[in-house]
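**Q** Here is the input, now give the coordinates:
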Amino acid sequence: LAQRCAALATAGEALRAVAAGSEQQHAAAVAKREEAARSRDEAVAEPRKALEALERDGQRLATEAQARQLDAQRRELQMELEQVAQALAGKRQEHQALHLRR
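**A** Down below sits the predicted model:
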């Protein structure tokens, strides 16, 4: 019985030692994973900023393209307005000439 108790105590101590070692390995793995995540975030930060800048630049290019399109549309409408104004002036002159004949 004393030998069994001693063997059981020894096994318990061995089990506790294994558990402590396991906890240490787990803590080391967690720390290593956190360090890897920090390292990854630092390594990716600059390219991520560059990508965001390109996206903003893309938005700027799209805005400029839209502005050019709207400017071309404005010029077309201005020419159409001038044509209508000239046609109206011609009709006005015809109307005045007709009125003078009466």
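**Q** what about the helices in the protein?
**A** Defined through DSSP state H, the helices belonging to the chain, from first to last, are 2-101.
**Q** Centre-most residue in the chain?
**A** For the chain, the residue nearest the mean C-alpha position is Glu52 (6.0 Å; C-alpha atoms, centre = their mean).
**Q** Would you mind measuring from Lys32 to Gln73?
**A** Between Lys32 and Gln73 the computed distance is 60 Å (C-beta to C-beta, to the nearest Å). No exception for glycine: its C-beta is placed from N, CA and C like everyone else's.
**Q** whoops, Gln59 was the one
**A** Distance from Gln59 to Gln73, counting by C-beta to C-beta: 21 Å.
**Q** same check, this time on Thr10
**A** Using C-beta to C-beta, one obtains 90 Å as the distance from Thr10 to Gln73.
**Q** what's in contact with stretch 12-31?
**A** Residues lying outside stretch 12-31 but in contact with it, judged by C-beta atoms under 8 Å, 6 or more residues apart in numbering, are absent altogether.
**Q** Tell me, what's the model's pLDDT at Gln83?
**A** Per-residue pLDDT puts Gln83 at 96.
**Q** Oops, could you answer that again for Asp57 instead?
**A** Asp57 carries a pLDDT value of 86.
**Q** That one - how many residues pack around it?
**A** Other residues near Asp57 come to 10 when the count uses other C-beta atoms under 10 Å.
**Q** buried residues in stretch 57-64?
**A** Buried positions in stretch 57-64, judged by neighbour count with 16 or more other C-beta atoms under 10 Å: none.
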